[in-house]
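Chemist: Predicted model and sequence follow; I will ask about them next.
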Number of protein chains: 2
Amino acid sequence: MATIKDVANHAGVSVATVSRVINDTGYVHENTRQKVDEAIRQLNYSPNEVARSLFKRKSKLIGLLLPDITNPYFPELARGVEDRMQESSYRLIFGNSDEDEHKERDYIQTFVQNNVVGVISSTNDPNADTYMKLKIPVVFLDRTSNDMPSVYADGREGGRIAAQQILARGSRNVTIQQGPKHVRPAQDRYQGALEILEQSGTPYQVVQTSSFSYEQAGVSAKELFQKYPDTDGVIASNDIAAVAVLHEALRLGRQVPDELQIIGFDDIPLSSLVYPTLSTIHQPAYEMGREAAGLLIEIMENGYALHNNIQMPVSFIQRDTTRKVD
Amino acid sequence: MATIKDVANHAGVSVATVSRVINDTGYVHENTRQKVDEAIRQLNYSPNEVARSLFKRKSKLIGLLLPDITNPYFPELARGVEDRMQESSYRLIFGNSDEDEHKERDYIQTFVQNNVVGVISSTNDPNADTYMKLKIPVVFLDRTSNDMPSVYADGREGGRIAAQQILARGSRNVTIQQGPKHVRPAQDRYQGALEILEQSGTPYQVVQTSSFSYEQAGVSAKELFQKYPDTDGVIASNDIAAVAVLHEALRLGRQVPDELQIIGFDDIPLSSLVYPTLSTIHQPAYEMGREAAGLLIEIMENGYALHNNIQMPVSFIQRDTTRKVD
DNA sequence: TTTTAATGAGTAACCGGTTACATATTTGAG
DNA sequence: CTCAAATATGTAACCGGTTACTCATTAAAA
């Protein structure tokens, strides 16, 4: 690869001048600029970001930490982040945390070692030392933190809506999946649903799910119907779990939505492709990713942001696993 | 952040000695080593990878380029790559190419600018200049290249298997989705299926799909049944498309698999969660990701690899959108 | 005991950029 | 025409590591 020195030699100027040309700083005579541009073109030169990063102590890299890209909700977030970052010519160092504190710390460390200028993280503990001590801006995505910048959907409200809708549509023996205990958004939804069911006075029951993996989803769905064969409404912990429940229900010959209603959470793309299509609580994942990226960029460039906590709206998407009302 | 100089001062030694300690090179007296280790601990020092990278002209970063992480097949690949890279403490700079040549070039350039030591790419044109001129090792993933390292599934064979199976199970008026023309693996499958159908002499028809997006999948499925309402077997271009077809078929009241069989491609996790579960051609995506990472590591560390072209087996997964035979 | 090899640690150049500073030339106001 | 300000460019220090080289000390071999 050609270096700035090669370009300088080729153009018969000093490296400082070349630097001025490529960064458009200081004074450069038009003729000189042209000579340099020509040399750059001929040598197909592009500056070494590592050298830049070393001197400036900042790169054009952003650290992105998500729980598990294999869960279809996260690619949407990631894509939103990427697209927005791309527009401002930032690149991503990406890692899966598996909701594991240790992996998280590990990644954050290498982010710092690589001079990233900002971090976007979906952590369950935004107040962990790892983040509090960070000297670069962090935005929490899909997670809430009062005192730190974050972009998230109103999970609790989502849970409430799910419960309200399933009751309004006639379920009288609802089962709520609690979702993994250590995953904050899962617990928020759960609490929201619980709240409504409590105050409605209708009978309900709770089942645990320990992870968001596909295998777990299948197992949990089977368990659910073994324990509560009479349930007539399921508020699933997310769409994967919901699809698994739907699948198991059909296998058992239950009529959906007439005997059994199901509401998911997330509104991943496949929700509208299964049959019957899945009613769910929509989270604007792609937009959330974009917002998080935008927020981070704002903070990186201005040192602060106008709105540090962006709560995105959730909404009920009526499809075919719930009965119609109007 | 503490620098190596801080550590050196704190320990009362030179930076060279600290460097020897952290890299475990050269001679260092045990007592000295302990002093340095203690200083590192106290200052919570970890070396700046950017400075290292600049001097060595190589980082611990790998460039990963995938078409679109939003397509559920790719997160599996990505995860496989990440997990393997993680084990050898490489990190990923990640980008979505959207199968777009320009975006690809852009990414490859910033990979180089950031001193990545290797690239894993799913490109449609492994012979493009962008790659031929690269001085760092590249492994093509989910794409074939004769002369360059690659890890891919036998798409053509997959297509053949799909056609054989759908015929063996009694479809007599098959529709093949061709998939996007510029996407190599899609065309391979298509060719494979075509081959078998041609030589079988049974009637068949071809429909185009222009992208792998969810919306497209829905539209294509509708079109398919409008054009060929009498088809009794669909070989879809991938699982997303297949699920869309399945969905549309059920909506139209077609009996699956009795009146209509459907075979997908990829075996994404959701294939076994839809109802009825989707018969499909399995690609070991996660393992392919791991293999690609392993291959790249081998090349990076030895300068060459024993097996440069790793073809992974595909297999027919019999589920419920095809009839049973035994 | 002498000689040589192994061990231990510091100095300084280097990686490829950026930028403060110095210097030279040009421009324009008075 | 003079002189300050604006323009143009080069020199060299710096970012935070790594490593070649030098020198001193210690251990081992002769």
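Modeler: On my side now, so go ahead.
Chemist: Only C-alpha atoms from now on, for both contacts and neighbour counts.
Modeler: Fine.
Chemist: and the end-to-end length of stretch A:81-100?
Modeler: Taking Cα to Cα, to the nearest Å as the measure, stretch A:81-100 stretches 22 Å from start to finish.
Chemist: Return the set of buried residues in that stretch.
Modeler: Residues of stretch A:81-100 classed as buried: A:81-85, A:90-97, A:99 (neighbour count, 16 or more other Cα atoms under 10 Å in any protein chain shown).
Chemist: List the contacts of it.
Modeler: Contacts of stretch A:81-100 from elsewhere in the structure, counted by Cα atoms under 8 Å, 6 or more residues apart in numbering or on different chains, are A:60-69, A:103-104, A:107, A:111, A:123-124, A:183, A:286, A:289-294, B:79, B:82, B:91-96.
Chemist: Give the helix, strand or coil label for residue A:264.
Modeler: When the structure is split into helix, strand and coil by DSSP: H, G, I helix; E, B strand; the rest coil, residue A:264 lands in strand.
Chemist: what separates it from DNA strand D, distance-wise?
Modeler: 48 Å (Cα to the nearest atom of the strand, to the nearest Å).
Chemist: for that residue, what are its contacts?
Modeler: Taking Cα under 8 Å, 6+ apart, we find residue A:264 in contact with A:235-243, A:278-281.
Chemist: Which residues of the stretch 1-150 of chain A lie near chain B?
Modeler: Within reach of chain B by Cα under 8 Å from any Cα of the partner chain, the stretch 1-150 of chain A has these residues: A:46-51, A:53-54, A:69-70, A:72, A:75-76, A:79, A:82, A:91-96, A:113-115.
Chemist: so of those residues, which ones are in helices?
Modeler: Among the residues of the stretch 1-150 of chain A next to chain B, the residues falling in helices (DSSP state H) are A:49-51, A:53-54, A:75-76, A:79, A:82, A:113.
Chemist: most surrounded residue in these?
Modeler: Within those, most neighbours by other Cα atoms under 10 Å in any protein chain shown means residue A:50, with 29 neighbours.
Chemist: Around DNA strand D, which positions in the stretch 51-200 of chain A sit nearby?
Modeler: By Cα under 7 Å from any atom of the strand, the part of the stretch 51-200 of chain A that sits against DNA strand D consists of A:51-52, A:54-57.
Chemist: 10 Å - rerun?
Modeler: Proximity of the stretch 51-200 of chain A to DNA strand D is assessed by Cα under 10 Å from any atom of the strand, with A:51-57, A:113, A:115 identified as the residues in range.
Chemist: and the residues you listed as JSON lines, adding pLDDT?
Modeler: Shown next, in JSON lines, are these (pLDDT from 0 to 100):
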{"residue": "A:51", "pLDDT": "98"}
{"residue": "A:52", "pLDDT": "98"}
{"residue": "A:53", "pLDDT": "98"}
{"residue": "A:54", "pLDDT": "98"}
{"residue": "A:55", "pLDDT": "98"}
{"residue": "A:56", "pLDDT": "97"}
{"residue": "A:57", "pLDDT": "97"}
{"residue": "A:113", "pLDDT": "97"}
{"residue": "A:115", "pLDDT": "97"}
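Chemist: now, which of the buried residues of stretch A:81-100 sits nearest residue A:255?
Modeler: Distance from residue A:255 was checked for each of these by Cα to Cα. The minimum falls on residue A:99, at 36.0 Å.
Chemist: residues in chain A within reach of DNA strand C, list them.
Modeler: By Cα under 10 Å from any atom of the strand, the residues of chain A that approach DNA strand C are A:1-8, A:14-27, A:45-57.
Chemist: Which of these are buried? Put it as a ChimeraX command.
Modeler: In ChimeraX, this line selects whichever of those come out buried by 16+ other Cα under 10 Å:
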select /A:4,6,7,8,15,17,18,19,21,45,46,47,48,49,50,51,52,53,54,57
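Chemist: how does chain A divide up, domain by domain?
Modeler: The record's domain split for chain A, according to automatic domain parsing, is A:4-47, A:56-153+A:286-313, A:155-284.
Chemist: Kindly reformat these as TSV containing distance to residue B:264.
Modeler: Written out in TSV, the entries for those read as follows (distance: least, Cα to Cα, whole Å):
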stretch	distance to residue B:264
domain A:4-47	44
domain A:56-153+A:286-313	19
domain A:155-284	14
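Chemist: Closest one of the buried residues of stretch A:81-100 to residue B:315?
Modeler: Where the buried residues of stretch A:81-100 are concerned, and distances follow Cα to Cα, residue B:315 has its nearest neighbour in residue A:96, at 28.6 Å.
Chemist: how near is the closest one to DNA strand D?
Modeler: Distance, residue A:96 to DNA strand D, by Cα to the nearest atom of the strand: 26 Å.
Chemist: is that residue in a bridge, and if so with what?
Modeler: Beta-bridge partners for residue A:96, by DSSP bridges, are residue A:66.
Chemist: so what's residue A:142 closest to, chain neighbours aside?
Modeler: Across the structure, with Cα to Cα, 6 or more residues apart in numbering or on different chains as the measure, the residue nearest residue A:142 apart from its sequence neighbours is residue A:152 (4.3 Å).
Chemist: does that neighbour have beta-bridge partners, and which?
Modeler: residue A:311.
Chemist: What about it, how many residues nearby?
Modeler: Other residues within reach of residue A:152, judged by other Cα under 10 Å, total 26.
Chemist: What sits closest to the closest residue to chain B within chain A if chain neighbours are left out?
Modeler: The shortest separation between chain A and chain B is 4.4 Å, found at residue A:93 (distances taken as Cα to the nearest Cα). In space, and not counting its chain neighbours, residue A:93 is closest to residue B:93: 4.4 Å by Cα to Cα, 6+ apart.
Chemist: just residue A:107 next, same as before
Modeler: Leaving aside its sequence neighbours, residue A:107 is closest to residue A:95 (6.9 Å, by Cα to Cα, 6+ apart).
Chemist: what's the spacing between the one you found and residue A:144?
Modeler: Residue A:95 sits 20 Å away from residue A:144 when distances are taken as Cα to Cα.
Chemist: ditto for residue A:107
Modeler: 20 Å.
Chemist: Mind checking which of these two has more residues around it?
Modeler: For the pair residue A:107 and residue A:144, the greater number of neighbours falls to residue A:144 (26 against 22), based on other Cα under 10 Å.
Chemist: Name the SS class of that one, please.
Modeler: coil.
Chemist: ok, now which ones touch it?
Modeler: Taking Cα under 8 Å, 6+ apart as the definition of contact, the neighbours of residue A:144 are A:126, A:150-152.
Chemist: which one of the residues you listed sits closest to residue A:304?
Modeler: Checking the contacts of residue A:144 against residue A:304 by Cα to Cα gives residue A:150 as the nearest, at 12.9 Å.
Chemist: Got phi/psi on the residue lying closest to the closest one once chain neighbours are set aside?
Modeler: In space, and not counting its chain neighbours, residue A:150 is closest to residue A:140: 4.4 Å by Cα to Cα, 6+ apart. When quoted as degrees, to the nearest 10, the phi and psi of residue A:140 stand at phi -90, psi 130.
Chemist: tally of neighbours for residue A:140?
Modeler: Counted with other Cα under 10 Å, residues neighbouring residue A:140 total 24.
Chemist: same thing with residue A:250?
Modeler: Neighbourhood size, residue A:250 [other Cα under 10 Å]: 16.
Chemist: Can you tell me, leaving aside adjacent residues, what's nearest to the residue most central in space within chain A?
Modeler: Central residue check for chain A by Cα atoms, centre = their mean: the C-alpha nearest the mean position is that of residue A:77, 3.8 Å away. Taking Cα to Cα, 6+ apart, and ignoring the residues beside it in sequence, residue A:77 has residue A:289 as its nearest neighbour in space, at 4.4 Å.
Chemist: can you tell me which helix or strand the one you found belongs to?
Modeler: Residue A:289 is located in helix A:285-302, with elements delineated by DSSP states H and E.
Chemist: Send me that helix as CSV with only the CA atoms.
Modeler: In CSV, the C-alpha atoms belonging to helix A:285-302 read as follows (Å, rounded to 0.1, in the frame of the first residue of the first chain):
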residue,chain,number,x,y,z
ALA,A,285,-36.5,-2.4,15.7
TYR,A,286,-34.9,-1.0,12.6
GLU,A,287,-35.8,2.6,13.6
MET,A,288,-34.6,1.9,17.1
GLY,A,289,-31.2,1.0,15.6
ARG,A,290,-31.1,4.1,13.5
GLU,A,291,-32.2,6.3,16.4
ALA,A,292,-29.5,4.8,18.7
ALA,A,293,-26.9,5.4,16.0
GLY,A,294,-28.2,9.0,15.5
LEU,A,295,-28.1,9.7,19.2
LEU,A,296,-24.6,8.4,19.5
ILE,A,297,-23.4,10.5,16.6
GLU,A,298,-25.1,13.5,18.1
ILE,A,299,-23.3,13.0,21.4
MET,A,300,-20.0,12.2,19.7
GLU,A,301,-20.1,15.3,17.6
ASN,A,302,-21.6,17.8,20.1
